[in-house]
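Enquirer: sequence? don't have it. structure:
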């Protein structure tokens, strides 16, 4: 069943203003809660090696052992900065 709402003594302009005011309030609340998602930063093996101050072969071994999650793009390997930072804490 649908609910029927009847408006008495309201002009179309008043109704339009009331609707716009409600929409504006909702948008303001959403703006306060909205946090844009930061784009993920991908690092090459050499960048990760410099960041962790280890040799590139160590990064390769950690990736092979599953300590660092590798992401392939074409024939290159990249690591997500967030995952590298998380792995540092676990090591």
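Expert: Arrived safely. As the structure is a computational prediction, the values presented were derived from the model and not from experiment. Numbering: from 1, shown residues only.

Enquirer: show me the strands in this protein, by range?
Expert: Here the chain has its strands, by DSSP state E, at 42-44, 71-73, 76-80.

Enquirer: list just the one of those strands that sits closest to residue 32.
Expert: Shortest separation from residue 32 across those is recorded for strand 76-80, at 29.1 Å, computed as CB to CB. (C-beta placed from N, C-alpha, C; glycine too.)

Enquirer: how about residue 87, what does it touch?
Expert: 62, 67-69 (CB atoms under 8 Å, 6 or more residues apart in numbering).

Enquirer: coming back round to it: and the strands of the chain, which one's lowest on average pLDDT?
Expert: Lowest mean pLDDT within these: strand 71-73, at a mean of 89.

Enquirer: partners of that strand, with directions?
Expert: Using DSSP bridges, the strands paired with strand 71-73 are strand 76-80 (antiparallel).

Enquirer: pLDDT score for the most centrally placed residue in the chain?
Expert: Computing the C-alpha centroid of the chain and ranking residues by CA atoms, centre = their mean puts residue 37 first, at 3.1 Å. The predicted local confidence for residue 37 comes out at a pLDDT of 80.

Enquirer: what about the lengthiest helix in the chain, distance to the chain center?
Expert: Scanning the chain for the longest helix, with DSSP state H as the assignment, gives helix 12-33. The gap between where helix 12-33 is centred and where its chain is centred comes out at 27 Å by CA atoms, centre = their mean, to the nearest Å.

Enquirer: from here on, call the first residue 344.
Expert: Noted, 344 is the first residue going forward, which turns the last one into helix 355-376.

Enquirer: report the rounded mean pLDDT for it.
Expert: pLDDT averaged over helix 355-376 gives 88.

Enquirer: quick one: list the elements packing against that helix.
Expert: The criterion is 3 or more CB pairs under 8 Å, 6 or more residues apart in numbering; DSSP states H and E, and there are no helices or strands that helix 355-376 contacts.
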